[in-house]
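**Q** sequence and predicted model, in that order:
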Amino acid sequence: MPGVEGCEYDGEVRSLSLPGAGAIKELIISRDAVARTMVYSCFESPTPLDFHEARVEVIPAEQGCTLYWQTLVEPVEIEVFIKASMEGCLVQIGQVIEQS
């Protein structure tokens, strides 16, 4: 995630440190390596969230794969910031893949 200075995962909670923005904590609800899916929910954020749940799925394709990333968030006004952050993540993921 762009701007993340540190990330820790204890097997259940992923904690992200964002300099100047604070800390984010996400509960990993489910992970399935065979189905290539993960569902997580942000429960602690510098921005007040009434609800947050995201689902990530990697779908194999003939050449490469497709990454499906869906986030439900309330209040809806936060969506624009989450979308920008996720788009930044996708750029970084693409850079990592290109370097491999």
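**A** Received it, and whenever you're ready, just let me know what you need.

**Q** C-alpha only now, for contacts and for neighbours.
**A** OK.

**Q** show me where pLDDT drops low in the chain?
**A** Low-confidence segments of the chain (pLDDT under 70): 1-2, 21.

**Q** hey, where'd the strands end up in this structure?
**A** Per DSSP state E, the chain carries strands over the ranges 6-9, 13-18, 22-32, 37-44, 51-60, 65-74.

**Q** what's near enough to touch G22?
**A** By CA atoms under 8 Å, 6 or more residues apart in numbering, the contact list for G22 reads S45, P46.

**Q** circling back: need the strands of the chain in a markdown table (columns: distance to K83).
**A** Formatted as a markdown table, the strands of the chain follow (distance: least, CA to CA, whole Å):
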| stretch | distance to K83 |
| --- | --- |
| strand 6-9 | 20 |
| strand 13-18 | 17 |
| strand 22-32 | 16 |
| strand 37-44 | 14 |
| strand 51-60 | 12 |
| strand 65-74 | 9 |
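
**Q** closest one to G88 among the ones you listed?
**A** G88 lies closest, by CA to CA, to one member of the strands of the chain: strand 65-74, at 12.7 Å.

**Q** buried set for the closest one?
**A** In terms of neighbour count (16 or more other CA atoms under 10 Å), strand 65-74 has its buried residues at T71, V73.

**Q** swap in stretch 37-47?
**A** T37, M38, V39, Y40, S41, C42, F43.

**Q** in contact with the residue nearest to the fourth one when sequence neighbours are not counted, which residues?
**A** Counting by CA to CA, 6 or more residues apart in numbering, the nearest residue to Y40 once its immediate chain neighbours are dropped is I28, at 4.4 Å. I28 makes contact with E12, V13, R14, M38, V39, Y40, S41, according to CA under 8 Å, 6+ apart.

**Q** S45 contacts L18, correct?
**A** No: here S45 does not reach L18: they are 10.4 Å apart, not a contact under CA atoms under 8 Å.
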